[in-house]
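K.L.:
next input, structure requested:
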Amino acid sequence: MSVYGKYIVKKFFWYFLTLVIAVTLNFLLPRMIEGNPVSMIVSEMTQGMTDSDTIKRVYETFLVEFGIDKPLWEQFIIYLKNLATGNLGTSFGLYPKPVTEILASAVPWTIGLQLPAILVGWIIGNVLGAVAAYRKGVFDKVIFPVALFVNSIPFFTLAIIMLYVFALSLNWFPLHGGYDYQMVPSLSFEFFASVLRHHTLPFLSIVLVTIGGQAIGMREMSIYELNSDYVLYSKLLGIRDSKIARYVFRNAMLPQITGLALSIGTMVGGSLICEIVFSYPGIGTWMFTAIRQLDYPLISGCTLLIALAVLLANFTIDLIYGWIDPRIKAAQMEEQ
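P.N.:
Take a look at the predicted model:
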């Protein structure tokens, strides 16, 4: 087996072990939350009923239906069997709706919100960071403090501020949701305009914080590259500053590209609290609802989806870096 093949096998083993641990925790942690989900469901369904025997039969029926009457180890075996067939179970709170159906409707909203926000924030932030490092002077004195201040604000704090100012006080944007509730999803211009209005505030709250972090990172990397020996040597050779700048920012972009890849991979789990603040119909809002209702299958489905996205993103980055790592290439050449 080649050196790169051994590298892939080793990485795959550790990521598979991490996945096994994640699946186990996804099953156990929701069930460690205090409370009984069946009691909550039955209490809502039997409001106004006085017959204790009927209430008891309803309770026992739901225990059997959800499989909570079985020992924990047996529930775990059933969970693994269902997981192997792509079955994440049935939601307790939205019974009898399957968890896969809920997640399938939530993922497009999360991706539609976070993917454009990550890309726009990454591009603008890197441009501002590069300008601050290269031009210095007033650009650096303004861009760096502002970026540092914005980056220190959590997503949810900025989201609450924007919600209060632009939605509650000025009434420029809607307070919550992904579109007007009285509308039926369709391909009409009215529905698209409603989605865009609801999308604006959560989008901006993510973009502004992302710009701050990316600008700081790009500025620091660019300053490091500008002070490198090859830059001084290039200037002594009389190479144009514009050409030197291209090489400097190309090298400075490498860790930023890595950060972008990780951000895209982890966007399913990123900024979930921002979705909760705006009641945006993504993974974050459904996860918050599931926790309030002690909906074990839906909690496990959300956390498993997040874990898979994070592991896949990191594994992809490791494969790429393993391919371009000069140490692995040198070892392959020695074998040949």
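
K.L.:
so what's the model's average confidence on stretch 294-307?
P.N.:
The average of the pLDDT scores along stretch 294-307 is 84.

K.L.:
repeat that for stretch 15-32.
P.N.:
Here the average pLDDT along stretch 15-32 is 85.

K.L.:
who's in contact with residue 288?
P.N.:
Residue 288 sits next to 272, 276 when contact means Cβ atoms under 8 Å, 6 or more residues apart in numbering. (Each C-beta comes from the backbone N, C-alpha and C, glycine too.)

K.L.:
so how far is residue 211 from it?
P.N.:
26 Å (Cβ to Cβ, to the nearest Å).

K.L.:
which parts of stretch 68-85 are buried?
P.N.:
With burial defined by 16 or more other Cβ atoms under 10 Å, the residues of stretch 68-85 counted as buried are 68, 75-76, 79, 82-83.

K.L.:
show me where pLDDT drops low in this protein?
P.N.:
Residues of the chain that meet the criterion pLDDT under 70 lie in 1-4, 35-56, 58-63, 65-67, 261-262, 264-271, 321-336.

K.L.:
got the residue ranges for the helices in it?
P.N.:
In the chain, the helices defined using DSSP state H lie at 3-31, 37-45, 52-66, 72-84, 99-135, 137-151, 155-162, 189-226, 229-236, 241-265, 272-277, 283-292, 296-324, 326-335.

K.L.:
with distance to residue 177 added, can I get those helices in a markdown table?
P.N.:
Converted to a markdown table, the helices of the chain look like this (distance: least, Cβ to Cβ, whole Å):
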| stretch | distance to residue 177 |
| --- | --- |
| helix 3-31 | 26 |
| helix 37-45 | 23 |
| helix 52-66 | 29 |
| helix 72-84 | 32 |
| helix 99-135 | 10 |
| helix 137-151 | 26 |
| helix 155-162 | 14 |
| helix 189-226 | 6 |
| helix 229-236 | 51 |
| helix 241-265 | 25 |
| helix 272-277 | 11 |
| helix 283-292 | 10 |
| helix 296-324 | 19 |
| helix 326-335 | 49 |
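
K.L.:
to residue 170, which of those helices lies closest?
P.N.:
helix 155-162 (10.4 Å; Cβ to Cβ).

K.L.:
hmm, who's touching the closest one?
P.N.:
Contacts of helix 155-162 (Cβ under 8 Å, 6+ apart): 150, 201-202, 204-206, 208-209, 271, 273-274, 276-278.

K.L.:
now it: buried residues?
P.N.:
155-156, 158-160, 162.

K.L.:
from those, which is closest to residue 230?
P.N.:
Nearest member of the buried residues of helix 155-162 to residue 230, counting by Cβ to Cβ, is residue 155, at 38.2 Å.

K.L.:
so that closest one versus residue 103, what's the distance?
P.N.:
22 Å.

K.L.:
also residue 110?
P.N.:
In terms of Cβ to Cβ, residue 110 sits 10 Å off from residue 103.

K.L.:
those two: which is more packed in?
P.N.:
Higher neighbour count among residue 110 and residue 103: residue 110, with 25 against 19, using other Cβ atoms under 10 Å.
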